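Undergrad: this one's structure only:
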């Protein structure tokens, strides 16, 4: 059974491969072992993202764990996953349209048992190492910007960096933007920061039951649930922040592409359109 359906994997690889620099063999004699293809390493990286397994477990006779780590570090330094996510957002905006006038931001704490540059003590996991993922989505839940920080960071200071990351991915935002937030952002600092960005805000008040204030921010919680479907995001064992960001944006690109295919299926027809109504 494939790790991802071909309708997701193939377009993702096409855009990913187009951004890869051309490899130049610098070996003086040219007698070393043949280089593992980028496609093979890419499939192993997708397996690590989906299952969350260690590189030793997903390694194969044609692709060692050292090759996966070395190629992954190189791709992370180039920022290819972030570029692929931006291309997925452009395709979504072109075919369906991004609803950028309503944004939702929220954080999610996951495990990081190996620690690392972006990890810290988790306040909800007995002080073990954890990672906080702050995500900004548009009105329908498409992830726009992702920021990784230590699990002990409060959501409020991550709001502006998350909105800036979203702006980097989609470009200019509309003149009137409303940001939907939960009660963790209910503070004067948050309101002054949003006022400085000329954004309006709908923030849940402290002391009021949450179901009454559900409003429009449930889409970001659904996006967090989708991203937690990837094993590498639920339990991140990578220590370098660049690699963590690579996995976050690669997962965001897959979520965006999956939403695009599901919502474009009743509107458009193409040759390899998936037949199943439920695209996992």
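TA: Noted; the coordinates are in hand. Quick caveat, the model's predicted, so the values are computed rather than measured.
Undergrad: Report the secondary structure state of the residue nearest to residue 237 when sequence neighbours are not counted.
TA: Spatially, and ignoring its direct neighbours in sequence, residue 237 is nearest to residue 114 (4.8 Å; CB to CB, 6 or more residues apart in numbering). From N, CA and C alone the C-beta is placed, and that goes for glycine too. With DSSP: H, G, I helix; E, B strand; the rest coil as the basis, the three-state label of residue 114 is coil.
Undergrad: What's the local residue count around residue 114?
TA: The number of residues packed around residue 114, counting by other CB atoms under 10 Å, is 12.
Undergrad: Spit out the contact partners of it.
TA: Shown in contact with residue 114 (CB atoms under 8 Å, 6 or more residues apart in numbering): 129, 236-239.
Undergrad: Which members of those residues are the farthest-apart pair?
TA: 129 and 238 (12.2 Å; CB to CB).
Undergrad: How much space separates the residue nearest to residue 237 from residue 41?
TA: 22 Å (CB to CB, to the nearest Å).
Undergrad: Over to residue 195?
TA: 46 Å.
Undergrad: and those two? which has more neighbours close in?
TA: Comparing residue 195 with residue 41 by other CB under 10 Å, the one with more neighbours is residue 41, at 20 against 11.
Undergrad: The more buried one touches residue 69, doesn't it?
TA: No - here residue 41 does not reach residue 69: they are 10.0 Å apart, not a contact under CB atoms under 8 Å.
Undergrad: does residue 15 really touch residue 84, like I thought?
TA: Yes - with contact defined as CB under 8 Å, residue 15 counts as touching residue 84 (5.2 Å).
Undergrad: Can you mark which positions in the worst-scoring helix or strand of the chain on mean pLDDT are buried?
TA: Using mean pLDDT, DSSP states H and E, the weakest-scoring helix or strand in the chain turns out to be strand 200-203, at a mean of 89. Buried positions in strand 200-203, judged by neighbour count with 16 or more other CB atoms under 10 Å: 201, 203.
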